[in-house]
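Trainee: Got a sequence here, can you model it:
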Amino acid sequence: YTMMGPNDNPGVNKRAIKELFQLSKADKDVQVRFQVSLLEVYNENVYDLLVCNRNSLTIRQATRNVYVEGLTYREINSEKAVAAVFVTSERNNMFYHNVCKGIEGRREKSNHSKHKNEHNII
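Mentor: Numbering: from 1, shown residues only. I've put the predicted structure just below:
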């Protein structure tokens with residue numbers, strides 16, 4: 001499976017999200033709250049895909065965890081809400097690669113069409 005996949009054959013992310021929401025509804029006595037963030041690691045820089053800017057974020061290590069300083073989190077309560085977050089992240093990612101990289105490409109030839117060093121993380 002791919003990470004996202006088409007609607008008729010959902011990928012790993014979509015299947016995992018569906019399972020999480022099903023499990024969260026299984027026990028009525030337990031209240032579950034979901035938050036989502038999406039980031040991109042590109043050429044050793046970390047970018048928040050839920051905001052429309054390309055400021056590199058810093059990975060920090062605390063005593064018991066690792067986190068990305070300044071990363072945006074959105075409350076979600078359904079698969080549909082997660083899908084909307086994915087749309088936002090794709091739009092912000094496309095904006096950067098289509099507009100910003102187009103401008104940068106005028107200064108130096110750049111091959112970002114395949115995004116070889118890019119990883120999106122949810």
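Trainee: so where's the chain shaky on pLDDT?
Mentor: 1, 94-122 (pLDDT under 70).
Trainee: Work out which residue lies at the spatial centre of it.
Mentor: The residue lying closest to the centre of the chain (CA atoms, centre = their mean) is residue 38, at 2.4 Å.
Trainee: What's the separation between that residue and residue 63?
Mentor: To residue 63, residue 38 is 26 Å away according to CB to CB, to the nearest Å. The way it works is simple: take the backbone N, C-alpha and C, and place the C-beta from them, glycine included.
Trainee: from memory the residue nearest to the centre of the chain sits against residue 86, does it?
Mentor: Yes - judged on CB atoms under 8 Å, residue 38 makes contact with residue 86 at a distance of 7.4 Å.
Trainee: Residues contacting the lengthiest helix in the chain from elsewhere in the structure, which ones?
Mentor: Longest helix in the chain by number of residues, with DSSP state H as the criterion: helix 79-95. The contact list for helix 79-95 (CB atoms under 8 Å, 6 or more residues apart in numbering) reads 4, 14, 17-18, 21, 36, 38, 40, 49-52, 74, 76, 120.
Trainee: Pick the one among the residues you listed closest to residue 28.
Mentor: The closest of those to residue 28 turns out to be residue 21 (CB to CB; 14.3 Å).
Trainee: Neighbours of that closest one, how many?
Mentor: Residues contacting residue 21 under the criterion other CB atoms under 10 Å number 17.
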